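Engineer: need a 3D model of the sequence below.
(one chain, ligands or ions: 1)
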Amino acid sequence: MKTRVQILGLSFSLVLLIVTFFVYHRLSRDLPPSPPNSSRIPVNDSIPRITHAHNHCRSIYNYICSGNPETSDPTGNVRPDIEGEKQAQLLQKKLIADHPDWNSDQIDDSLVNQIYSPVRTNRLISTFLWVRNTLEEIINLQIKLSFAEKNRILATIERVELEIPPPAAVYSDERELFTKNEVYFERTQENKLRLRVGGAYLIIAKSWFNIVFTLAHELAHSIDPCELKNSGYVLASYQKLKVCFLQNGLISTASITQECGPRDQFAEVFADWMAVQVTARALKSYSHTFGKLQMVNSTKNAVKDLCRQENDDEELELDLHPSPELRIEKIFGAHPEIREFLGCGPATLTLNYCSLESR
Ligand SMILES: [Zn+2]
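Structural biologist: This next block holds a predicted model:
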């Protein structure tokens, strides 16, 4: 009898061990991609005290942009653009003062080693790969795109290279980028597709979600309607999308005097719209790990640098991008999942969020 009890106990332990193994294995496979140090992220579930429920949701722009200029999420924060530029310039000045005998190449090499550190560049590369993979998944899910259209779009995305120093010589044609807050996509004269990241941006953007939104916006430019049009490719689905953007007031008819001309904001709205979908997936992958306040702060940080800032160049902004209010309120803040992460219900007064399936 005693032996039978022992055997039963042993069998039970064995079954428990097997079940535990499978549950753990399943969970670990389903875990979202983690930014550096995510294992040490404390889960803080303190919910913000909101006396008038959802009052903050009346203006998503104000909710994200007013108040404290810095918001911390578990992966980091985002500081004002000007701070990154100041810090990068300060590093540069110090190098020049400390090494009067160095030539400009030596100064740049040393500056780049400090700003584009292995920790920062590795994080940037892994985030770029995550964003690219997610963007490709989203494209693959579009039922209205034909097989040939998908292949064309996916092949273009794959061609984009993340071009970052060291060595400093990588940006030899644009050395001022080391101290600039710019991140951009471009097609070179040699027909190379590349994405470049300014040093100042690396200094101020510590939130993983901000890096995701920024890289997704730039990567989406590789397949934006004007970029594809330039290479002789016009997608019918994109035209339907444009109609939806117009209906939702994301672009105005007044701005389209010339398609893909200097005042046509379709390409910019497209890049934001695509980046919002990638960012929604990034946030969703943490929705079971983060507390509510952490989710709110992570969501805010994704677009924190789009808020109107003191040193904004108004003219440049109006020509290339829609206003910060429109980008945050109507493109980012109208996405159903983004609203959910911010603790807001569905947007009642707006039309359906645009998709490639829009009629
Ligand atoms: Zn853009």
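Engineer: can you give me the strands in the stretch 101-250 of the chain?
Structural biologist: For the stretch 101-250 of the chain, strands defined by DSSP state E, counting those that start in this stretch occupy the ranges 161-163, 183-187, 193-197.
Engineer: can you give me every residue that contacts Thr121?
Structural biologist: Contact partners of Thr121, counting by C-beta atoms under 8 Å, 6 or more residues apart in numbering, are Ile164. The C-beta positions use only the backbone N, C-alpha and C, and glycine is treated the same way.
Engineer: for the ion, see how far away it is.
Structural biologist: From Thr121 across to the ion, the span is 22 Å (C-beta to the ion, to the nearest Å).
Engineer: now do stretch 137-144: distance to the chain's middle.
Structural biologist: With C-alpha atoms, centre = their mean, to the nearest Å as the basis, stretch 137-144 stands 19 Å off its chain's centre.
Engineer: start and end of it, how far apart?
Structural biologist: End-to-end distance of stretch 137-144 (C-alpha to C-alpha, to the nearest Å): 14 Å.
Engineer: what mean pLDDT does it have?
Structural biologist: For stretch 137-144, the mean per-residue pLDDT is 92.
Engineer: hmm, Ile204 and Glu83 touching each other?
Structural biologist: Yes. If you go by C-beta atoms under 8 Å, Glu83 and Ile204 touch, sitting 5.7 Å apart.
Engineer: for those two, indicate the residue with more neighbours.
Structural biologist: Relative neighbour count places Ile204 above the other of Glu83 and Ile204, with 23 against 15, counting by other C-beta atoms under 10 Å.
Engineer: so who does that one touch?
Structural biologist: By C-beta under 8 Å, 6+ apart, the residues touching Ile204 are Val78, Arg79, Pro80, Asp81, Glu83, Gly84, Asn181, Asp305.
Engineer: now the strands of the stretch 101-250 of the chain as JSON lines including mean neighbour count?
Structural biologist: Listed next are those as JSON lines, based on neighbours: other C-beta atoms under 10 Å:
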{"stretch": "strand 161-163", "mean neighbour count": "15"}
{"stretch": "strand 183-187", "mean neighbour count": "17"}
{"stretch": "strand 193-197", "mean neighbour count": "22"}
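Engineer: and of those, who's closest to the ion?
Structural biologist: strand 183-187 (7.6 Å; C-beta to the ion).
Engineer: next one: the closest one, is it in contact with the ion?
Structural biologist: No. If you take C-beta under 5 Å from the ion as the test, strand 183-187 misses the ion, and the best it gets is 7.6 Å.
Engineer: name the nearest residue to Lys229, sequence neighbours excluded.
Structural biologist: In space, and not counting its chain neighbours, Lys229 is closest to Cys260: 5.7 Å by C-beta to C-beta, 6 or more residues apart in numbering.
Engineer: on that earlier part again, mind putting the strands of the stretch 101-250 of the chain in JSON lines, mean pLDDT included?
Structural biologist: Rendered in JSON lines, the data for those read as follows (pLDDT from 0 to 100):
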{"stretch": "strand 161-163", "mean pLDDT": "98"}
{"stretch": "strand 183-187", "mean pLDDT": "97"}
{"stretch": "strand 193-197", "mean pLDDT": "98"}
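Engineer: closest one to Gln247 among those strands?
Structural biologist: Set against Gln247 and scored by C-beta to C-beta, those come closest in strand 183-187, at 27.3 Å.
Engineer: give me the contacts around the closest one.
Structural biologist: 160, 193-198, 201, 214-215, 218-219, 221-222, 227, 230.
Engineer: got the angle for that strand vs strand 193-197?
Structural biologist: Per axes from the mean of the first three to the mean of the last three C-alpha atoms, to 10 degrees, the angle that strand 183-187 makes with strand 193-197 is 160 degrees.
Engineer: for Leu90, see how far away Thr179 is.
Structural biologist: Counting by C-beta to C-beta, to the nearest Å, the gap from Thr179 to Leu90 is 9 Å.
Engineer: again, but for Glu268
Structural biologist: Applying C-beta to C-beta to Glu268 and Leu90 gives a distance of 32 Å.
Engineer: with Ile153 instead?
Structural biologist: Remark: distance between Ile153 and Leu90 (C-beta to C-beta) = 42 Å.
Engineer: and what of Ala267?
Structural biologist: 35 Å.
Engineer: which one's more surrounded, the two?
Structural biologist: Neighbours per residue, other C-beta under 10 Å: of Ala267 and Leu90, the larger number sits with Ala267, 19 against 11.
Engineer: show me the contacts for the more buried one.
Structural biologist: By C-beta under 8 Å, 6+ apart, Ala267 lies in contact with His221, Asp224, Pro225, Cys226, Glu227, Cys260.
Engineer: closest to the ion among the residues you listed?
Structural biologist: Among those, and counting by C-beta to the ion, the member closest to the ion is His221, at 5.6 Å.
Engineer: was I right to think the closest one contacts Glu227?
Structural biologist: Yes. Applying C-beta under 8 Å, one finds His221 in contact with Glu227, separated by 6.0 Å.
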